[in-house]
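In: Give the three-dimensional model of this entry:
(one chain, ligands or ions: 1)
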Amino acid sequence: MKEIHFAGGCFWGVQHFFSQVDGVIEATCGYANGDKNNPTYEEVYTDTTGFAETVRVEYDPSRVSLEELTELFFTIIDPLSMNRQGHDEGTRYRTGIYYTNPIKRPILEEVYARVKDKLGAPLAVELEPLRNFFPAEERHQDYLSKNPEGYCHLSPKTFRYLRLYQDIKLYLGDEPDTIARMADTAALLSERMHFFWTGFYRADGETLVLGPFQGPSACMRIGFGKGVCGTAWEQKRTQVVPDVELFPGHIACSSASKSEIVVPIIKNNEVTAVLDIDSDEKDSFDQTDAIWLEKIAGLI
Ligand code: SME
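Out: Below you'll find the predicted structure:
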């Protein structure tokens with residue numbers, strides 16, 4: 001068994017998240033890298049003890065890698081926000097990755113650098129050796145399992161996506177056929193998230209061609225740079241469209257579609273396909289959808 005420590009704002013939500021990650025044996029709320037022994041919640045709360053609310057994640061490295069855990073950690077934090085996550089503010093809510101084995105640092109640095117490059121800005125996330133860790137009081141352990149209606153700075157959608165992402169990963173296994181992988185991914189996404197239209201377009205020369213999907217019949221070819229899909233292809237970036245009528249050049253395959261998200265699937269710096277999801281309501285997609293759909297698209 002191995003361990004890594006993540007500070008990601010209020011530890012209730014962070015613990016609830018990691019305790020549901022496949023391969024995690026135990027997630028424990030506690031206080032890390034502060035200036036005294038056995039601090040209480042009340043002491044840490046004063047923000048004068050140097051501690052960060054932190055979750056110790058003990059995992060089985062044959063089931064989940066440190067790289068995967070660290071990538072998952074970055075899906076639940078705002079890495080640019082200094083001493084603030086969600087509504088929680090203070091140095092105790094700073095973000096950090098604390099390791100007990102320095103040999104692991106290069107793996108952490110690699111993920112860190114990828115996130116930094118993507119965001120194009122310095123991260124507010126600490127990357128340091130663990131100096132100390134004290135488990136929090138019993139009432140803070142598994143708080144959200146004991147109090148399902150309790151405060152959580154992470155959205156319920158985050159937990160739905162985590163379960164879905166893990167299920168899709170397991171389901172696809174090592175099937176080598178891309179179309180088959182797309183077909184079951186579209187089915188699982190549609191079944192679990194109830195989107196209006198969920199599907200793939202594959203790059204084929206100068207156009208995108210319709211691939212496996214769930215939902216009403218759709219346009220079969222979309223040009224490079226055309227519509228939301230062609231724009232995601234051209235810009236190699238996820239497009240979140242809160243109102244399709246306001247997106248210049250949007251292609252209306254169905255008049256019932258009101259908002260949309262398109263995620264490019266990139267291999268060797270080339271877009272090979274896009275994942276396109278439509279909703280019949282405006283404003284259906286946000287950053288949480290973008291982060292998780294990018295992870296799911298990465299499984300293809
Ligand atoms: N609206 C997309 C076309 C595909 S359908 O949404 C299924 C676009 O503008 O690219």
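In: Now for the nearest residue to Phe196 once chain neighbours are set aside, how many residues are close by?
Out: Nearest residue to Phe196, sequence neighbours excluded (C-beta to C-beta, 6 or more residues apart in numbering): Asp280, at 4.3 Å. Heads up, the C-betas are built off the backbone N, CA and C, glycines and all. For Asp280, the neighbour count with other C-beta atoms under 10 Å is 15.
In: interface residues of the protein facing the ligand?
Out: When proximity is defined as C-beta under 6 Å from any ligand atom, the chain approaches the ligand at 197, 218-219, 222, 227-229, 250-251, 253, 257, 260, 276, 278.
In: which of those residues has the most neighbours?
Out: When neighbours are counted as other C-beta under 10 Å, the busiest of those turns out to be Asp276, with 29 neighbours.
In: The residue nearest to Phe196 and Lys258 touch, don't they?
Out: Yes. In this structure, Asp280 sits in contact with Lys258. The criterion is C-beta atoms under 8 Å, and the distance is 5.7 Å.
In: Just the pLDDT for the residue of the stretch 151-300 of the chain found nearest the ligand.
Out: Using C-beta to the nearest ligand atom, the closest approach of the stretch 151-300 of the chain to the ligand is made by Gly227 at 2.7 Å. The model reports Gly227 with a pLDDT of 97.
In: And for Cys253?
Out: Per-residue confidence at Cys253 stands at 89 (pLDDT).
In: State the helix or strand in which it lies.
Out: Taking DSSP states H and E as the criterion, no element holds Cys253; it sits outside all helices and strands.
In: Over to Val263?
Out: Secondary-structure element containing Val263, defined by DSSP H and E: strand 259-267.
In: Walk me through which strands the following helix or strand past that strand pairs with, and which way each runs.
Out: Using DSSP H and E, the helix or strand that directly follows strand 259-267 along the chain is strand 270-279. Strands that pair with strand 270-279, judged by DSSP bridges, come out as strand 197-204 (antiparallel), strand 259-267 (antiparallel).
In: And Glu245, how close does it get to Ser255?
Out: Distance from Glu245 to Ser255, counting by C-beta to C-beta, to the nearest Å: 10 Å.
In: Which residue comes closest to the one residue sitting closest to the centre of the chain once chain neighbours are left out?
Out: With distances taken as C-alpha atoms, centre = their mean, the chain has Thr75 as the residue nearest its mean C-alpha position (3.2 Å). Nearest in space to Thr75, with sequence neighbours left out and distances taken as C-beta to C-beta, 6+ apart, is Ile291 at 5.0 Å.
In: Is the one you found in a helix, a strand, or coil?
Out: Reducing the assignment to helix, strand or coil with DSSP: H, G, I helix; E, B strand; the rest coil, the entry for Ile291 is helix.
In: thinking again about what came up before, which among the residues of the chain next to the ligand gets closest to Val209?
Out: Proximity of these to Val209 was ranked by C-beta to C-beta; the top entry is Ile222 with 8.3 Å.
In: so which strand or helix has the closest one?
Out: Following DSSP H and E, one finds Ile222 within strand 221-223.
In: Tell me which residues touch Val263, please.
Out: If a contact means C-beta atoms under 8 Å, 6 or more residues apart in numbering, then Val263 has 232, 238, 274-275, 290, 293-294, 297 as its contacts.
In: now do Pro242
Out: Contacts of Pro242 were listed using C-beta under 8 Å, 6+ apart, and they are 259, 282-283, 285.
In: Helices along the stretch 101-250 of the chain, start to end?
Out: Along the stretch 101-250 of the chain, the stretches classed as helices by DSSP state H, counting those that start in this stretch are 105-119, 143-146, 156-172, 178-193, 227-235.
In: Just the buried positions in the second one, please.
Out: Pointing back at helix 143-146 there. Neighbour-count burial for helix 143-146, counted by 16 or more other C-beta atoms under 10 Å, picks out 143-144.
In: Give the other helices and strands that it contacts.
Out: Packed against helix 143-146, as judged by 3 or more C-beta pairs under 8 Å, 6 or more residues apart in numbering; DSSP states H and E, are the following elements: helix 11-18.
In: Which neighbouring elements make contact with the helix it packs on?
Out: Helix 11-18 makes packing contacts with strand 2-8, strand 24-32, strand 52-59, helix 66-75, helix 143-146, helix 156-172 when contacts are defined by 3+ C-beta pairs under 8 Å, 6+ apart.
In: quick one: low-confidence parts of the stretch 151-300 of the chain?
Out: In the predicted model, the stretch 151-300 of the chain carries no residue with pLDDT under 70.
In: Residue of the stretch 1-150 of the chain nearest the ligand, please.
Out: Closest contact between the stretch 1-150 of the chain and the ligand, by C-beta to the nearest ligand atom, is at Lys118 (23.2 Å).
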